[in-house]
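J.: prediction below, plus the sequence it came from.
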Amino acid sequence: MDSVFAAIVQAPEDPILGVTVAYNKDQSPVKLNLGVGAYRTEEGKPLVLNVVRKAEQLLVNDQSRVKEYLPILGLAEFNKLSAKLILGDDSPAIQENRVATAQCLSGTGSLRVGAEFLAKHYHERTIYIPQPSWGNHLKVFTMAGLSVKTYSYYDPTTRGLNFQGLLEDLGAAPAGAVVLLHACAHNPTGVDPTVEQWEQIRQLIRSKGLLPFFDSAYQGFASGSLDADAQPVRMFVADGGECFIAQSYAKNMGLYGERVGALSIVCKAADVAGRVESQLKLVIRPMYSNPPIHGASIASTILKNSDMYNEWKIELKAMADRIISMRKQLFDALTAKGTPGDWSHIVKQIGMFTFTGLNSDQVAFMTKEYHIYMTSDGRISMAGLSSSTVPHLADAIHAAVTRAS
Ligand SMILES: Cc1ncc(COP(=O)(O)O)c(C=O)c1O
């Protein structure tokens, strides 16, 4: 008898995760995976932070965390500490109980819960995401039932921010529309607004009554400082207006596989935040019922202990510094080879990724001839690179841009 699913067609791989699938199949000893979003060491290995190991040790015999686990919303302490991490220790919004926070499944799960909440409870169903943006944004928001539009963000000619285009597009958005903002280290471009530009964006968003939704997946990775990277979010929260924030600990604590994250909805009054929290529970309950306890316990163990917190900051800074060093090494290697083109953007960009400017043909060539894997938009993860692999990548880029097409 034929399977009832016989007519199902093969789905395409995810454009980002598919890079790793293709890489795994490659038998070449020189193969290089620059698609990974998670941090890697000089040896190309995933890094378990020292401070995470310590927190895990402490947790082995600790039963107390179970006591403060809230149904559906997860670890109460984790939620409070996460809101503090992004909003600041002395945030009036936290002191006034204006923030509803739910522990969610890493950054993606936090975005999705926020999107489902908006689809159910918010009058304006349109969300503007930057052009370009992390590839999953479009799907997360569309699947939740929102209508996704884009606003100008990147200018390929300057390899910088298209600030004028951004202001024009957001200025033309319907009142109330949701605006997705990368809190720092914009993925994939590595281009962030300056503080002055953020202030102008804030004024525009508030004057038009748009709703800011921050995606904070790389706090600490842009500047090496957790506080500095949170500044754009804090500017928006300081004005007293509403704001959504999705946080991920996948990159900055290296907890990718634990799926640790939080969604915070900053409201204008405590009673509203209480009602929002009650509705968040109704959104989450039929999705996955309750979030897992282990990863969030690790994160809160680190966040609440000042010694461990300081140790985390040092480890995070070291990761951010290694990425900056990789940028410099790649730029120097291309310059030394006399590779045609201006590669200065590689050192100017911020965060884990570099938006090389290589086109999809050049990427395909580098994969075929050099076994180098990256997304077809030319984005490479600097974390996937090491001093020993920089020359191979520089050779490949040089060959890709100088070959007759
Ligand atoms: C901009 C951005 N947002 C959110 C995420 C989600 O990360 P995760 O769900 O692994 O925490 C990522 C991961 O690559 C990202 O780059």
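T.: Right, received. Where do you want to start?
J.: does Asp395 count as helix, strand or coil?
T.: helix (DSSP: H, G, I helix; E, B strand; the rest coil).
J.: do I have it right that it meets His371?
T.: No - using C-beta atoms under 8 Å as the test, Asp395 is too far from His371 to be in contact (11.7 Å). For every residue, glycine as well, the C-beta is placed using N, CA and C.
J.: okay, now the unreliable bits of the stretch 201-350 of the chain?
T.: For the stretch 201-350 of the chain, no stretch has pLDDT under 70.
J.: now do the helices in it.
T.: 226-238, 270-288, 294-304, 306-337, 345-348 (DSSP state H, counting those that start in this stretch).
J.: looking at the ones you listed, which is nearest to Ala93?
T.: Nearest to Ala93 among the helices of the stretch 201-350 of the chain is helix 226-238; the distance by C-beta to C-beta comes to 5.3 Å.
J.: residues from the chain in reach of the ligand?
T.: Applying C-beta under 6 Å from any ligand atom, we find that the chain lies next to the ligand at 37, 106-108, 134, 182, 187, 215, 217, 248, 250, 256, 261.
J.: got CSV for these, with neighbour count and distance to Ala11 too?
T.: Formatted as CSV, these follow (neighbours: other C-beta atoms under 10 Å; distance: C-beta to C-beta, whole Å):
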residue, neighbour count, distance to Ala11
Gly37, 21, 21
Ser106, 24, 22
Gly107, 26, 23
Thr108, 21, 18
Trp134, 23, 20
His182, 25, 28
Asn187, 24, 24
Asp215, 27, 25
Ala217, 28, 25
Ser248, 26, 25
Ala250, 23, 24
Tyr256, 18, 23
Gly261, 30, 26
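J.: tell me which of the residues you listed is nearest to Leu167?
T.: Nearest to Leu167 out of the residues of the chain next to the ligand is His182 (C-beta to C-beta; 16.7 Å).
J.: backbone phi and psi for the closest one, please?
T.: phi -80, psi 120 (degrees, to the nearest 10).
J.: wait, what's in contact with the nearest residue to it once chain neighbours are set aside?
T.: Closest residue to His182 apart from its sequence neighbours, by C-beta to C-beta, 6 or more residues apart in numbering: Asp215 at 5.5 Å. Residues counted as contacts of Asp215 (C-beta atoms under 8 Å, 6 or more residues apart in numbering) are 107, 111, 134, 137, 180-183, 246.
J.: list the contacts for the most centrally placed residue in the chain?
T.: Central residue of the chain (C-alpha atoms, centre = their mean): Ala217, 2.8 Å from the mean position. For Ala217, the contact set (C-beta under 8 Å, 6+ apart) comprises 107, 134, 182-183, 185, 187, 246-248, 250-251.
J.: give the rounded mean pLDDT of stretch 106-119.
T.: Averaging pLDDT along stretch 106-119 yields 98.
J.: for the remainder of this discussion, apply numbering that starts at 34.
T.: Fine by me, first position is 34 from now on; the one you just mentioned is stretch 139-152.
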